[in-house]
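**Q** structure of the sequence below:
(2 chains)
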Amino acid sequence: MNSTIKKHVLENGLTILTKEIHHAPIISHWSWFRVGSRNEVVGKTGISHWVEHMQFKGTPKYPIHVLDAEISKVGGYWNAMTYLDWTTYYETLPSDNAEIAFDLEADRMINSVFDKKETELERTVVISEREGNENEPMFKLGEAIRVAAFEKHPYAQEVIGEMKDLRTISRDDLYTHYQEYYSPGNAVIAVAGDFKTEELIENLTNKYQQIENKDTTLHIIQPEDDIKTKKEVTVEGPGDTVYIQVSYRAPKAADEDFFSLMVVDSLLTGPSSFSMFGGGNISNKTSRLYQKLVETDLSVGISGGLQATIDPYLYDILAVTSPEKNAQLVIKAIDEEIDRIQNKSISQPEIDRAIKQAKALFAYGSESITNQAFWMGYSSMFADHTWFDAYISNLEKVTMERMVSAAQKYLDPNHRVVGIYRPTQKENF
Amino acid sequence: MENKYKNNIPGPETISSFELDNGTTVLSFSNFNSASINMIGILSGGGNLDPADKTGLAHFTASLLSRGTNDLPFADFHNQLESAGANLVFSCGSQHAWFRGKALSEDADLLFRLASDSLQNPSFGNEYVERLRNQLIAGLTIRDQDTSEVASMLQDKYLFPGHPFGLPIDGYIETIKSINRSDIQQFHQKHYGPSDMIIVVVGAINKQEIRSLAEKYFSSWKTIVSQKGNDSLIPSPPTNIIRKHKYLEGKSQVDLLMGCLGPTRTSPDFLPIYLGNNILGQFGMMGRIGKIVRSKSGLAYYATSSISAWSNLGSWEFSAGVNPENLKKTIGLIRKEIKTFVKSPVTSDELENSKSHLIGRMPMSMESNAGLANAILTMQRFGLDFNYYQKYAESIEKITADQILSASQKYLHPDHLVITSAGPGEDIN
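**A** Below you'll find the predicted structure:
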């Protein structure tokens, strides 16, 4: 990404990031809030995500359905996402009709009504969303692994929340959560596309400057560093497929070790991208674990990845195999490849290839204006917008020594969770 | 649309088109906004050519094309591709084999060379046939436990009886087990050729360079294929309610599909139905269907409708993910909406809103190289004029509510539907 991002901070603490891109008549507007499952407590899991749903239920100025129609009728698409550290709302729409996005996002930062009846209707929608997730074996396995990997930190909890909490969270709980975290100082507005920065800043300043800032740092969340011991979890369910996930504690995104581990991951399981809107992927058939597991028929698929987070989260390696294969051999093969990296078996061409792949993925992702706006805001949630500016150069600084050091520090077989999803009907597995 | 962006929408003046002596059509569009290129190609070799007892053969064949060529073993093939941060994937649709590639523009030669070599000289090595067979079977075991996939297979089976579209392109575990290397080699020899191939390239590259690369790598391919698919017989539309359900163990949610036949891509009914479908199940929060099923009743996380259109066949489908207790009610609500939709014209507000939405959204679907390439391929594949998207707004503006009603009545009837579902609940055979 080139360095044409402009940063503007209002007196109430709201950060506005802009990037002019004029090749298409499109604007992508994102409102980011530093609130996600990381900010939730036992008994109220899933509340951030549910608040996100309620933000589509209207304000006095933009009542429910009017809100929908206003964006949709100009051809825009809009949606929202809640994750570990953040909640975000976005609209991508024709630039001559973007005013509606600017106005409604400023409005629903503080004016959403959280109607009681709508809250109850949305309860069953959110429960339905969770039930859809429960249909997936990997959801169940991931849930069990996170509980094992975090003793105290809220990252243990699913973003969608526990079913018992989804049944009991009240309208007032939701509204309190909204009031607590939806504040200018806890938000970032990121806009990319076909506009003039000065005009846009003036417009957004007028819309947001009167919103009073609140202290959103009342709850201090302590990072959880190590997985204390070697842990194993098993989940059983229907099917004929075995999923093996090995999860290690990963550094936070702002840690320089994060970049070293990114390159380690690229060697082990192939390159991965932070793009969420197109751009595509690069296959991983030359990665070490593909060669070790798939080319030897121990597994049928292998993947891995890091999440860019505020606090240390997880680095996951996932292998998919059949019940006839020995899961322990798969884990042993993973350990052997990690051992090789820990013992300095890394060549410079491998590192160079990982950097070239990262550059290519960046170029692919930058085709999309929506993606560029996403990157600005996303990186501001766990670091700041310069994180993405410096992403490639930080990867280029990674050396073999740093990779070895990161692999030794983080990929410790005595401090990890091994999770296996086994088909119930395969009793002899 | 402002004139300054006119060149963003591909048209006769910006699309370069030429035909090689062997019949291959090459189309290109230069876009220097990012340093990458995107390639899409289609040619014969789709699932419609599967022999009756070898369902999945076309898919198996296409998937093997990236497993090495006569001159370039698997490891070297992927080493070249992945070292450049490029991607090249072969797949199989119901009517064509497909390839999609992406690379930095400096690696355009590599992309053309590997695509050409894979299509013309695949090695189909025994080791990779067997490895891919295991991977495909693993994929099928996962598919067969996926409520959405199973409901979709049931829908296709009963909506397209006796037609290749009624069969899963990726086959069945039994048929994949029965396909041997010789079947694959013969399928490739009989059906893969350049005469009906279309290649589209979009990105940071000029048309002279694309012409030169296309001639260099594809003009010597002279294989002649003549066999046509067995999909000329068009199935009859349902004349009553056909209800099927497949029980899947351990699932929380039912995936529901309700469908009927729809217009072909070149039918005069296509755009009126496309616009009508937007009103019925897309606009805002999933149109009228989403409004009644999700927003007003809280029954589902998603409830929507979509159309699919090919050269000689089309379908119109309604889908939702619901708790099993809400299944009957959801089916009833969707049928009621369909009944209303085919009884009275849509309102003028709905019509204007959806028109505005579709017109505004079109440029956004072309903000990436992949979106542009897809649009150009669609025009060539279905014989649409190259000014189709430049005149798209005009075409949409002309559609009336009566045209939508009249076109919808030809296809949609609340009592003539194939209704399929999968998840909890006893089988309905």
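**Q** burial of whichever residue of the stretch 51-200 of chain B sits closest to chain A, as a residue count?
**A** Residue nearest to chain A within the stretch 51-200 of chain B (C-beta to the nearest C-beta): B:Gly85, separated by 2.6 Å. For glycine as for every other residue, the C-beta is placed from the backbone atoms N, C-alpha and C. A total of 25 residues lie near B:Gly85 under the criterion other C-beta atoms under 10 Å in any protein chain shown.
**Q** A:Thr296: what's it in contact with?
**A** A:Ala333 (C-beta atoms under 8 Å, 6 or more residues apart in numbering or on different chains).
**Q** pLDDT score for it?
**A** The score at A:Thr296 is 94. That number is its pLDDT.
**Q** and the residue of the stretch 51-200 of chain B closest to chain A, how far is that from A:Phe362?
**A** 9 Å (C-beta to C-beta, to the nearest Å).
**Q** cool, and A:Asp103?
**A** In terms of C-beta to C-beta, A:Asp103 sits 33 Å off from A:Phe362.
**Q** so for the two, which residue has more residues nearby?
**A** With neighbours defined as other C-beta under 10 Å, A:Asp103 and A:Phe362 compare such that A:Phe362 has more, 23 against 15.
**Q** got the domain ranges for chain B?
**A** B:31-218, B:242-423 (automatic domain parsing).
**Q** check the closest residue to A:Ile351 other than its chain neighbours and give its pLDDT.
**A** Leaving aside its sequence neighbours, A:Ile351 sits nearest to A:Val263 (C-beta to C-beta, 6 or more residues apart in numbering or on different chains; 6.2 Å). Model confidence at A:Val263, given as pLDDT, is 94.
**Q** kindly report the same for the one 5 residues further on.
**A** We have a pLDDT of 96 for A:Leu268.
**Q** okay, and it sits in which element?
**A** helix A:257-269 (DSSP states H and E).
**Q** neighbouring contacts of that helix?
**A** A:250-252, A:272, A:284, A:287-290, A:302-306, A:308, A:315, A:317, A:337-338, A:341, A:346, A:350-351, A:354-355, A:357-358, A:394-395, A:397-398, A:402-403, A:405-407, A:409-411.
**Q** and stretch A:214-227, by the same measure?
**A** A:34-35, A:38-39, A:148-155, A:179-181, A:183, A:185-186, A:247-249, A:252, A:311-312, A:415-417.
**Q** same question, stretch A:352-362
**A** Contacts of stretch A:352-362 (C-beta under 8 Å, 6+ apart): A:1, A:262-263, A:266-267, A:271-273, A:275, A:279, A:281-282, A:391-392, A:395-396, B:36, B:82-86, B:103-104.
**Q** and those residues, which of them are in helices?
**A** Per DSSP state H, helices hold the following members of the contacts of stretch A:352-362: A:Met262, A:Val263, A:Ser266, A:Leu267, A:Tyr391, A:Ile392, A:Leu395, A:Glu396, B:Glu82, B:Ser83.
**Q** as a markdown table, those with neighbour count and distance to A:Met376 would be great.
**A** Output for the ones in helices among the contacts of stretch A:352-362, formatted as a markdown table (neighbours: other C-beta atoms under 10 Å in any protein chain shown; distance: C-beta to C-beta, whole Å):
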| residue | neighbour count | distance to A:Met376 |
| --- | --- | --- |
| A:Met262 | 26 | 20 |
| A:Val263 | 24 | 24 |
| A:Ser266 | 26 | 24 |
| A:Leu267 | 23 | 29 |
| A:Tyr391 | 20 | 12 |
| A:Ile392 | 15 | 16 |
| A:Leu395 | 20 | 19 |
| A:Glu396 | 16 | 21 |
| B:Glu82 | 23 | 29 |
| B:Ser83 | 18 | 30 |
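**Q** closest to B:Thr400 out of those?
**A** The shortest approach to B:Thr400 among the ones in helices among the contacts of stretch A:352-362 belongs to A:Tyr391, at 51.1 Å (C-beta to C-beta).
**Q** not counting sequence-adjacent ones, nearest residue to the closest one?
**A** A:Phe362 (7.3 Å).
**Q** how far off centre is the host helix or strand of that neighbour?
**A** Secondary structure assigned from DSSP H and E places A:Phe362 in helix A:348-365. Distance of helix A:348-365 from its chain centroid, counting by C-alpha atoms, centre = their mean, to the nearest Å, is 21 Å.
**Q** got phi/psi on B:Ser30?
**A** With angles defined as degrees, to the nearest 10, B:Ser30 sits at phi -90, psi 130.
**Q** SS state for the closest residue to chain A within chain B?
**A** Chain A sits closest to B:Gly360 of chain B, with a gap of 1.7 Å, by C-beta to the nearest C-beta. Here B:Gly360 is helix, with the state taken from DSSP: H, G, I helix; E, B strand; the rest coil.
**Q** what pLDDT does the closest residue to chain B within the stretch 251-400 of chain A get?
**A** Residue of the stretch 251-400 of chain A nearest chain B, by C-beta to the nearest C-beta: A:Ala360 (2.6 Å). For A:Ala360, the pLDDT comes out at 86.
**Q** give me the neighbour count for it.
**A** Residues within reach of A:Ala360, counting by other C-beta under 10 Å, total 26.
**Q** try B:Ala35
**A** Residues near B:Ala35, counting by other C-beta under 10 Å: 18.
**Q** could you pull up the residues touching it?
**A** Taking C-beta under 8 Å, 6+ apart as the definition, contacts of B:Ala35 comprise A:Ala363, B:Leu104, B:Ser105, B:Glu106, B:Ala204.
**Q** kindly report the same for A:Thr229.
**A** Contacts of A:Thr229 by C-beta under 8 Å, 6+ apart are A:Asn414, A:His415.
**Q** any idea how far A:Glu151 is from it?
**A** From A:Thr229 over to A:Glu151 (counting by C-beta to C-beta), the distance is 11 Å.
**Q** max-length helix in chain B?
**A** Chain B, longest helix under DSSP H: helix B:126-143.
**Q** in that one, what counts as buried?
**A** Applying a neighbour-count criterion of 16 or more other C-beta atoms under 10 Å in any protein chain shown, one finds B:128-129, B:131-143 buried in helix B:126-143.
**Q** can you put the domains of chain B in JSON lines and add mean pLDDT and distance to A:Tyr208?
**A** What follows is the domains of chain B, written out as JSON lines (pLDDT from 0 to 100; distance: least, C-beta to C-beta, whole Å):
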{"stretch": "domain B:31-218", "mean pLDDT": "95", "distance to A:Tyr208": "31"}
{"stretch": "domain B:242-423", "mean pLDDT": "95", "distance to A:Tyr208": "26"}
